[in-house]
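1. Here you go, sequence then predicted model.
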Amino acid sequence: MTQILAAYIILINIVTFWVFGHDKRQARNKGWRVPEKTLFLLAAAGGSIGAIAGMQIFRHKTRHWKFRLGMPLILGAQCVAGWWILGT
């Protein structure tokens, strides 16, 4: 079960990172954008590390206070939840 969870966390973070990069490319090319709601849902689904990495590497959504505050809060909540689950 632990291996499945680890594989999921790795995969969701890779996908989230890719989506942030894709959205940045679309923003530059004036193409179809990924809704902010989707970016937050991916982070909340376990991809917060990928989201934060994507924000920093692609310099995407770094000026939006919702993302600057929201992504670290989601990561913090996930760390607390993981600590609580693994501690029991």
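-> Arrived safely, thanks for sending. Since this is a predicted model, take the numbers as computed values, not measurements.

2. Which positions within stretch 60-69 qualify as buried?
-> For stretch 60-69, a neighbour-count test (16 or more other CB atoms under 10 Å) marks 60-61, 67 as buried. Where you see a C-beta, it was placed from the backbone N, CA and C, and this is true even at glycine.

3. And the helices in this structure, which stretches?
-> 2-28, 36-42, 48-58, 65-87 (DSSP state H).

4. Pick the most deeply packed of these.
-> helix 48-58 (a mean of 20; mean count of other CB atoms under 10 Å).

5. can you redo the helices of the chain as a markdown table with mean pLDDT?
-> As requested, those are exported to a markdown table (pLDDT from 0 to 100):
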| stretch | mean pLDDT |
| --- | --- |
| helix 2-28 | 95 |
| helix 36-42 | 96 |
| helix 48-58 | 95 |
| helix 65-87 | 91 |
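
6. For residue 39, give me its contacts.
-> 16, 19-20, 23, 51, 61, 67 (CB atoms under 8 Å, 6 or more residues apart in numbering).

7. Could you tell me how far residue 49 is located from residue 30?
-> From residue 49 across to residue 30, the span is 29 Å (CB to CB, to the nearest Å).

8. Tell me which residue is most central in this structure.
-> residue 51 (2.8 Å; CA atoms, centre = their mean).

9. For that residue, give its distance to residue 24.
-> Residue 51 is 12 Å from residue 24, by CB to CB.

10. And for residue 79?
-> Look at residue 79 and residue 24: by CB to CB, they are 26 Å apart.

11. what's the answer for residue 53, then?
-> To residue 24, residue 53 is 13 Å away according to CB to CB.

12. same thing with residue 32?
-> Per CB to CB, residue 32 is found 13 Å from residue 24.

13. Please apply the same query to residue 8.
-> Taking CB to CB, one finds residue 8 at 25 Å from residue 24.

14. Also residue 4?
-> Distance from residue 4 to residue 24, by CB to CB: 31 Å.
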